[in-house]
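Novice: Sequence and predicted structure, then a few things I'm wondering about:
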There are 2 protein chains.
Amino acid sequence: MTSTPVARPDEVRRYNRASLLRLLHLDGPSTRAELASELGLNRSTIKALVDGLAESGVVAERVPRPGRQAGRPSLLVLPQPEAAVVLAVDIQVEHVALALIGLGGEILGRNSWKLHSRTRAPGEVLTRIVDATAPLAADLGVRPVACGVSVPGVVRRLDGHVHEAPNLRWSDVALGQRLAAALEIRVVVGNDAELGALAEHLRGTAKGVDDVVFVSADVGVGGGVIAQGTALRGTTGYVGELGHMAVRPQGRDCYCGSRGCWETEVGEAAFCRALGLPEDSPRGAVVVELRKLANDPAAARRRLGDLAEWLTIGLVNVVNLLGPELVVLGDLFTGLPDAVLHDVTDSLRHRSMVSRAMGGVRVERSTLGRDAKLLGAAEVAFEEIMDTV
Amino acid sequence: MTSTPVARPDEVRRYNRASLLRLLHLDGPSTRAELASELGLNRSTIKALVDGLAESGVVAERVPRPGRQAGRPSLLVLPQPEAAVVLAVDIQVEHVALALIGLGGEILGRNSWKLHSRTRAPGEVLTRIVDATAPLAADLGVRPVACGVSVPGVVRRLDGHVHEAPNLRWSDVALGQRLAAALEIRVVVGNDAELGALAEHLRGTAKGVDDVVFVSADVGVGGGVIAQGTALRGTTGYVGELGHMAVRPQGRDCYCGSRGCWETEVGEAAFCRALGLPEDSPRGAVVVELRKLANDPAAARRRLGDLAEWLTIGLVNVVNLLGPELVVLGDLFTGLPDAVLHDVTDSLRHRSMVSRAMGGVRVERSTLGRDAKLLGAAEVAFEEIMDTV
């Protein structure tokens, strides 16, 4: 609330320009008429904005590919990927992926490497990120203007301080500050599940859905929540740790200091136990075993029944607490055979009173695959720069 | 987003007027200078607004009571309770309370009655609410202009449809519509824990705190969440059912269709079991037993240790999911002896990784007592009318 609640014309123009760019960035090529209708702006305002953006090379206008419409086609306005490039980094327990992503969300180039105990120290990871970025950017002839990083841990959003990332064995790492100093660009660090949820909401299965929970199993289990269209975040930006719901009080001790956490019952180690693999099996082995069960519902239910029950119990809690319209399952959960996923969904709908009230919550697999967190990291970086492109 | 993002002068005036009224309503009597500074408006704008409101009798200006300051005192602007009166109704499992509440939050008059199985049918409750309101309003010489209702169940906010209120044995009751038709005023129906959280946030222990979870034990256990200053609500307005987190998978069956729900371990029946009372003991008996333990920490821990452990497990989940700064405990939980509450807080801080990251979550007792939900119901009614007072 200010003493001048009326925006100045240049503020209005900047606001409209950023809104138009965000729309093109997220929804892709559009005609001027579509932009006008979507933004509620008149055509002359749209013309002025598009002309300005085209002049500075941020968008281009092209004849659409044949087949889109007959007669004289409307020009499409396209975001130009190179006009604004961000660096997205996804630090996982067993590997790091990074990508340069252009306006519009196109991955222009990428790199990744495995992590193991020797190379997992924060300093090592940081150096390698910086070293990998320069040649990739040079090859592509672009220069990232901001960076988003996904970390599997408890992150303070304000400054990208990683408080605890237990599966990485990191604690109190000033990741945001150190990376910003090394890269000399703005850096935003987020919790991996939060960024996964954001990506699903903006570009994936949950596009257009305002109340979504994204739950994914990697080594750990994490969850991100979009409530009323906005990422849910606690005090000082700490995001929730869904994987550390205590679902089984008599269960295994968890490194987090609690016991019987959801993560211990449905994380990668639990998948290994269910599939008869050693607990530290490589991801690939787990995926192969899951695939074998895809066409054998009886065996799938026998092997994965317990894990499915714990998954259901956790989901009942999540749905009863948050009342989402849609639950998106990511990472290892996407490998659950159809029969098992069907049982989980069915049981969740029966046992959650909030789901019953809503007429049934939807449960779907992530369609972004392992790129969800990387794309989410890109989006928080884009958010930082959209006003200044 | 619209084609005219610039507010018209009359819109600006109405917006400022409502902001000023909301401030007086929630923060109480203030000087013009305080209002100007709080709202970021200049003194001539404040003067015009206050003069207009005084003319229509919505506020009055008075010399403050002596002692507030020396010299020539600034006049205080006071909201006039009778200028806008709402009806607040708190339907609990064992009783109904209603009150007429004036601008500024003062309870002008109230009434309440016990509910038992014969009088708990929706039609009975509705009729009694309507019958009790008219004479109360007549006695006070006021007329409510909107109504807020708190219900212990799953409520669709849009139209006040009560989907399930299991402890009342209600299902699919068009409470909002029926009450609005009978009272001929606007009616807003909310989940009791959501409204309790709102009241704590606006007028209670959590005033000024933006990330709060309110958890209370009556017959059922409910929880409301304020995230980033706003009440958290799921799809189509259904609010979460925190009491139906499954904390004890091998525990008792719950009427909700799940098992080992938090409510079964820390609700009123669990208090009765812990205190050696029959499960259907009246509330008063429970409170008396709790009071006896207040000065005997050893006995308190012996009797309530298990209940405290389940309370802690649920709170660890809630804090790990939502990362609140403050947890406010309401209703029966406020009767927990200091020693027990201390143990719960301590254990929560150790076992929740999100609490550790934040440097410790605070846990406090509600200060609004049994009026929390009633006051919350009043606030949702006031929200409806603040623009038009």
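Specialist: Alright, I've got the coordinates.

Novice: Now do the helices in chain A.
Specialist: Remark: helices assigned in chain A by DSSP state H are A:9-27, A:32-39, A:43-55, A:122-140, A:175-183, A:192-203, A:262-266, A:268-275, A:283-292, A:297-322, A:338-351, A:353-358, A:372-385.

Novice: Off-centre distance for the second one?
Specialist: Which is helix A:32-39. Going by C-alpha atoms, centre = their mean, to the nearest Å, the spacing between the C-alpha centre of helix A:32-39 and its chain's C-alpha centre is 27 Å.

Novice: per-domain residue ranges of chain A.
Specialist: A:9-79, A:83-195+A:372-385, A:207-367 (automatic domain parsing).

Novice: May I see those arranged in a markdown table, with mean neighbour count, mean pLDDT and distance to chain B as well?
Specialist: Just so you know, the C-beta spots here come from the backbone N, C-alpha and C atoms, and that holds for glycine as well. Shown next, in a markdown table, are these (neighbours: other C-beta atoms under 10 Å in any protein chain shown; pLDDT from 0 to 100; distance: least, C-beta to the nearest C-beta, whole Å):
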| stretch | mean neighbour count | mean pLDDT | distance to chain B |
| --- | --- | --- | --- |
| domain A:9-79 | 15 | 89 | 5 |
| domain A:83-195+A:372-385 | 20 | 94 | 4 |
| domain A:207-367 | 21 | 90 | 2 |
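
Novice: Which residues are in contact with A:Val247?
Specialist: Shown in contact with A:Val247 (C-beta atoms under 8 Å, 6 or more residues apart in numbering or on different chains): A:260-262, A:265, A:310, A:313-314, A:317, B:246-247, B:249.

Novice: how does it look with 7 Å?
Specialist: Listed by C-beta atoms under 7 Å, 6 or more residues apart in numbering or on different chains, the contact set of A:Val247 reads A:260, A:262, A:265, A:310, A:313-314, B:246, B:249.

Novice: again with A:Ala217
Specialist: Contacts of A:Ala217 (C-beta under 7 Å, 6+ apart): A:266-268, A:331-333.

Novice: So what's the residue count around A:His201?
Specialist: 26 (other C-beta atoms under 10 Å in any protein chain shown).

Novice: nearest residue to the residue positioned nearest the centre of chain A other than its sequence neighbours?
Specialist: Note on chain A: the residue nearest the mean C-alpha position is A:Gly196, at 2.1 Å, using C-alpha atoms, centre = their mean. The shortest distance from A:Gly196 to any non-neighbouring residue, by C-beta to C-beta, 6 or more residues apart in numbering or on different chains, is to A:Ala372 (4.3 Å).

Novice: pretty sure that neighbour is touching A:Glu200, no?
Specialist: Yes - proximity of A:Ala372 to A:Glu200 meets the contact threshold set by C-beta atoms under 7 Å, at 6.2 Å.

Novice: and stretch A:130-145, how far out from the chain's middle?
Specialist: 22 Å.

Novice: quick one: contacts for the nearest residue to A:Lys114 once chain neighbours are set aside?
Specialist: Spatial nearest neighbour of A:Lys114, chain neighbours left out: A:His95 (5.0 Å); criterion: C-beta to C-beta, 6+ apart. By C-beta under 7 Å, 6+ apart, the contact list for A:His95 reads A:112-115.

Novice: what sits against the residue nearest to A:Gly196?
Specialist: Applying C-beta under 7 Å, 6+ apart, one finds that A:Ala372 lies in contact with A:196, A:199-200, A:204, A:330, A:366.

Novice: Reformat the contacts of A:Val247 as JSON lines; add distance to B:Ala227.
Specialist: Putting these into JSON lines (distance: C-beta to C-beta, whole Å) gives the following:
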{"residue": "A:Gly260", "distance to B:Ala227": "26"}
{"residue": "A:Trp262", "distance to B:Ala227": "21"}
{"residue": "A:Glu265", "distance to B:Ala227": "27"}
{"residue": "A:Trp310", "distance to B:Ala227": "27"}
{"residue": "A:Ile313", "distance to B:Ala227": "24"}
{"residue": "A:Gly314", "distance to B:Ala227": "20"}
{"residue": "B:Ala246", "distance to B:Ala227": "23"}
{"residue": "B:Pro249", "distance to B:Ala227": "28"}
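
Novice: Looking at these, which one is closest to B:Val155?
Specialist: B:Ala246 (22.0 Å; C-beta to C-beta).

Novice: A:Arg351 and B:Gly260 touch, don't they?
Specialist: No - applying C-beta under 7 Å as the test, A:Arg351 and B:Gly260 come out as separate, 11.3 Å apart.

Novice: picking that back up, put together JSON lines for the contacts of A:Ala217, with distance to B:Arg291 on each row.
Specialist: Formatted as JSON lines, those follow (distance: C-beta to C-beta, whole Å):
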{"residue": "A:Val266", "distance to B:Arg291": "43"}
{"residue": "A:Gly267", "distance to B:Arg291": "45"}
{"residue": "A:Glu268", "distance to B:Arg291": "50"}
{"residue": "A:Asp331", "distance to B:Arg291": "51"}
{"residue": "A:Leu332", "distance to B:Arg291": "51"}
{"residue": "A:Phe333", "distance to B:Arg291": "49"}
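
Novice: ok, the residue of chain A most remote from its centre to A:Pro29 distance?
Specialist: The C-alpha centroid of chain A is most remote from A:Gly71, which lies 40.2 Å away (C-alpha atoms, centre = their mean). Distance of A:Gly71 to A:Pro29, computed by C-beta to C-beta, to the nearest Å: 19 Å.

Novice: so who does A:Trp310 touch?
Specialist: A:247, A:265-266.

Novice: Wait, A:Leu24 touches A:Pro81, no?
Specialist: No - in this structure, A:Leu24 is not within contact of A:Pro81 by C-beta under 7 Å, at 11.2 Å.
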